[in-house]
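1. Below is the structure, and that's it, no one-letter string:
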């Protein structure tokens with residue numbers, strides 16, 4: 001799983017719904033072009049960070065490619081907001097899947113992240129995630145079974161705890 005966060009968890013991505021849509025499209029295009037990334041499995045974009053689960057053969061190259069996207073978006077967003085030189089991105093980090101249980105809990109975690117951060121009441125309501133694609137492919141019943149069999153529980157506690165409910169009022 002790759003995670004990228006905005007500096008000080010400020011909702012730079014969530015500056016507007018147009019920016020959320022635009023960055024989602026840019027991120028997906030960048031992921032498709034990443035050398036060393038073979039398959040995108042699940043993804044979510046939030047106002048201040050994103051997560052995506054992928055199969056990668058060269059994670060260092062993927063992080064380098066993601067850094068290029070972050071540099072480009074930092075420059076453009078700072079220009080749009082007349083904030084030249086502001087630090088927008090903090091870092092990107094990867095987490096290696098340790099088991100099938102970890103993998104499936106990660107899929108669930110990614111799709112439930114908007115609820116965890118109080119951005120949506122239900123994960124299905126969040127536009128910027130791969131959950132709708134999963135529902136079409138696997139079906140609602142299969143996803144419910146995965147959620148029961150591989151619960152999220154304490155996943156992310158201590159490193160992904162920010163409450164983004166205030167963002168909803170800004171969007």
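-> The structure has been received and is ready for your questions. Just so we're clear, the structure is a prediction, and the values are computed from it rather than from any experiment.

2. quick one: the strands in this protein?
-> Counting by DSSP state E, the chain has strands at residues 2-6, 37-45, 49-56, 89-94.

3. If you tally nearby residues, what's the number for residue 110?
-> Residue 110 has 26 neighbours, counted by other Cβ atoms under 10 Å. Every C-beta, even on glycine, is put in place using the N, C-alpha and C of the backbone.

4. ok so, going back, okay if I get the strands of the chain as a markdown table plus mean neighbour count, distance to residue 79 and mean pLDDT?
-> Compiled in a markdown table, the strands of the chain are given as follows (neighbours: other Cβ atoms under 10 Å; distance: least, Cβ to Cβ, whole Å; pLDDT from 0 to 100):
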| stretch | mean neighbour count | distance to residue 79 | mean pLDDT |
| --- | --- | --- | --- |
| strand 2-6 | 21 | 17 | 95 |
| strand 37-45 | 19 | 21 | 93 |
| strand 49-56 | 20 | 21 | 95 |
| strand 89-94 | 15 | 15 | 92 |
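
5. among those, which is nearest residue 67?
-> strand 89-94 (7.1 Å; Cβ to Cβ).

6. Where is the longest helix in this protein?
-> helix 59-80 (DSSP state H).

7. what about that helix, distance to the chain center?
-> Centroid separation for helix 59-80 versus its chain: 15 Å, with Cα atoms, centre = their mean, to the nearest Å.

8. Other residues contacting that helix?
-> 2, 4, 12, 15, 19, 23, 26-27, 30, 33-37, 54, 56, 83-89, 92, 94 (Cβ atoms under 8 Å, 6 or more residues apart in numbering).
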